[in-house]
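Asker: Next come a sequence and a model predicted from it.
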There are 2 protein chains.
Amino acid sequence: MRDEFEWIKSISPAGYRQSSVIQGIGDDAALVRGSAWDQIVCLDTMVEGIHFTNQTMAPYHVGYKALAANISDIAAMGGVPLYYLVSIAIPSTWKEEGLSQVYKGMADLAEAYEMDLIGGDTVSTKGPLVLSVTVMGQVEPGRKLLRSNAKPGDVVFLSGTVGESAGGLSLLLERSVKGEFTAEEAQLVKAHQLPEPHVGPGRILAASGKRVALNDISDGVASEANEIAEASGVVLTLFHGKLSRSSVLRMYPEDQQDQWIFYGGEDYKLIGTMSPDDFSQAASACEKTGYTLTVIGEVSSGEPGVRLKRGSQVEPLLKAGYNHFHN
Amino acid sequence: MRDEFEWIKSISPAGYRQSSVIQGIGDDAALVRGSAWDQIVCLDTMVEGIHFTNQTMAPYHVGYKALAANISDIAAMGGVPLYYLVSIAIPSTWKEEGLSQVYKGMADLAEAYEMDLIGGDTVSTKGPLVLSVTVMGQVEPGRKLLRSNAKPGDVVFLSGTVGESAGGLSLLLERSVKGEFTAEEAQLVKAHQLPEPHVGPGRILAASGKRVALNDISDGVASEANEIAEASGVVLTLFHGKLSRSSVLRMYPEDQQDQWIFYGGEDYKLIGTMSPDDFSQAASACEKTGYTLTVIGEVSSGEPGVRLKRGSQVEPLLKAGYNHFHN
């Protein structure tokens, strides 16, 4: 490993895409021009051995996904991602080539959104690699696409399809990153390693100016739907037959699909609720930009929770995402 | 350890001090109102076994100091700290009592600055505890108290005194947190465990509207002075006899004092340069609020670097702060 200061130089961008950046990396803190828009900020941490291993993710994927998870949180607030900062704790087992790939994964995704790396901290550790990414973005003032916005009478919708990431993880755990995959399987693997945050649909929903409850799907549909139900004090009823499933996922038994969709997570699509009339407009606006919003359920009053309706049967759909203290 | 969701509830504030907070903890991301002021953001990471051990820091100190280091970076940009976000990777060896103390250390310091905890991520790790804090603040538009602002003819100044933190660390390494200390020694220990960032002087310097080069002292005077010299392309000459030393530090041999002052770090005071006339005004404004700015050197043109003048002798003062990849 080179000198810390040289390393920081090597990962510092030559210039900034956002003209609002006054001072990026290289001083005590980053300085960016203020804005009349509301500011959004989030951070997400990935730990080697917990969130990823070299069996399922190459270093490039680790960086890409850490940033994608944060961009997805900005998308869930309807925002435009602008800047990111990176904290990395590096064990001696990681060499410069792998670390450069982590930063390249972030840089490539950042380029697609015209985002700038404006700061960070690089430290050593005697434990596993810990990568923590902070992302800042903005949204038109007064928009609040919060989980607590759902009301009885709303439809529940999903952007795109879900479950592919968990399907890809399953394949990677079976065959590792070095495994051979069919073209269809490779789609699932890609969904796990290089997920696409849904900034586009989030922007359309924010720009609509309508009341929208919104969550990104980081922990599986069951967990995210329950968060909306709890925060809004409503019942979400999901229709099993309406859940959008990709053609690739349909190769697997339905029980397996359901497991991945409801409890898999890391899809980084959006789940939300809005009034049926507002939804129609938003869905057609999304369709024009190549994104599909699908109605997958409805909101009603009652003891807060999520129900899954399959034919005439209705059963509770419990929150059962990954809990960091039960492993 | 309780359930992750319960734990997050336990560390979430009951309300927010800044009226600009629209949504804090509890949604995909935090949402705060925009501002016409320039925005400042920084992050700082502390790793158990590298930046602290339980020999020198109680959990309360770990939290307090992690936030203090970031507030100091905001101070070095002349800013008002407003919000913070916390990423924590927790090993199973840390129990809830200790973790609560880490958050209490941050919360107590945040209260002093009316700052709000608005987000974060809590994950588990099989390695040491990693605490990464992101702080956001703001400064009047157009102020840029950058390291690159120094010009020949400037004076070099220091806010307060330095070296105490390294002195305290030395005592703690000798006797541990459980050791007995005299009243004077306890001052040094406190400087190490509960450092006071210099937001006040930073605000006065920013409000002056003058050209100011500024750095906070996280890595010792030698390293910070060299950063200004390199970024500005100038020579900083420091006068050995002018360096402000606290009465407590004077108990130790001068060589020892020098070692702590130049290479100790973690003092979180400010070092900077400005024109002699502007300095006089700023110094008297600081004096009124209880902070002392002392002239410790001068800026001249030449091959960028730092010189230390002791009597008629002048020697180079090399950058020799802690480098994370040489340990």
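Answerer: Arrived safely.

Asker: going forward, measure contacts between C-alpha atoms and count neighbours the same way
Answerer: Noted.

Asker: Contact residues of the stretch 101-250 of chain A facing chain B?
Answerer: Contact residues (C-alpha under 8 Å from any C-alpha of the partner chain) of the stretch 101-250 of chain A with chain B: A:119-128, A:130, A:132, A:134, A:141, A:146-147, A:215-216.

Asker: Could you identify the buried members of those residues?
Answerer: A:119-128, A:130, A:132, A:134, A:146-147, A:215-216 (16 or more other C-alpha atoms under 10 Å in any protein chain shown).

Asker: Can you flag which of those residues belong to strands?
Answerer: Counted as lying in strands by DSSP state E, out of those, are A:Gly119, A:Gly120, A:Asp121, A:Thr122, A:Val123, A:Ser124, A:Val130, A:Ser132, A:Thr134, A:Asn215, A:Asp216.

Asker: Quick check: of those residues, which lies closest to A:Glu230?
Answerer: Nearest to A:Glu230, judged by C-alpha to C-alpha, of those is A:Asn215 at 12.5 Å.

Asker: is that closest one in a bridge, and if so with what?
Answerer: A:Ile271 (DSSP bridges).

Asker: Name all residues that make contact with it.
Answerer: Listed by C-alpha atoms under 8 Å, 6 or more residues apart in numbering or on different chains, the contact set of A:Asn215 reads A:Asp73, A:Ala76, A:Met77, A:Leu146, A:Arg147, A:Glu224, A:Ile228, A:Leu270, A:Ile271, A:Gly272, B:Asp27, B:Asp28.

Asker: cutoff 6 Å now
Answerer: Applying C-alpha atoms under 6 Å, 6 or more residues apart in numbering or on different chains to A:Asn215 gives the contacts A:Ala76, A:Leu270, A:Ile271.

Asker: Nearest to chain B among those residues?
Answerer: Minimum distance to chain B across the contacts of A:Asn215 is 6.4 Å, recorded for A:Ala76 (C-alpha to the nearest C-alpha).

Asker: The closest one against A:Asp216, yeah?
Answerer: Yes. Taking C-alpha atoms under 6 Å as the definition, A:Ala76 is a contact partner of A:Asp216 at 5.3 Å.

Asker: joint contacts of these two?
Answerer: With C-alpha under 6 Å, 6+ apart, A:Ala76 and A:Asp216 have no common neighbours.

Asker: pLDDT below threshold where in chain A?
Answerer: For chain A, the stretches with pLDDT under 70 are A:1-2, A:321-327.

Asker: would you list every one of the helices in chain A?
Answerer: Assigned by DSSP state H, chain A shows helices spanning A:4-11, A:59-75, A:96-112, A:164-175, A:183-193, A:199-207, A:221-232, A:254-263, A:276-288.

Asker: Just name the most buried of those helices.
Answerer: Ranked by mean neighbour count under mean count of other C-alpha atoms under 10 Å in any protein chain shown, these are led by helix A:59-75, which reaches a mean of 28.

Asker: How much space separates the residue lying farthest from the centre of chain A from A:Thr125?
Answerer: Distance to the chain centre peaks in chain A at A:Asp3, reaching 33.6 Å (criterion: C-alpha atoms, centre = their mean). Relative to A:Thr125, A:Asp3 is positioned 16 Å away (C-alpha to C-alpha, to the nearest Å).

Asker: got it, and A:Gly49?
Answerer: 14 Å.

Asker: Check A:Tyr291 too.
Answerer: 42 Å.

Asker: and if you look at A:Val162?
Answerer: 36 Å.

Asker: Could you do A:Gln257 as well?
Answerer: Distance from A:Gln257 to A:Thr125, counting by C-alpha to C-alpha: 39 Å.

Asker: Then A:Trp7?
Answerer: For A:Trp7 relative to A:Thr125 (C-alpha to C-alpha), the value is 16 Å.

Asker: Kindly report the same for A:Ala107.
Answerer: Computed as C-alpha to C-alpha, the A:Ala107 to A:Thr125 distance reads 24 Å.

Asker: What of A:Gln193?
Answerer: When A:Gln193 is compared with A:Thr125 (using C-alpha to C-alpha), they lie 25 Å apart.

Asker: now A:Met251
Answerer: For A:Met251, the distance to A:Thr125 - C-alpha to C-alpha - is 43 Å.

Asker: same check, this time on A:Ala183
Answerer: Counting by C-alpha to C-alpha, the gap from A:Ala183 to A:Thr125 is 39 Å.
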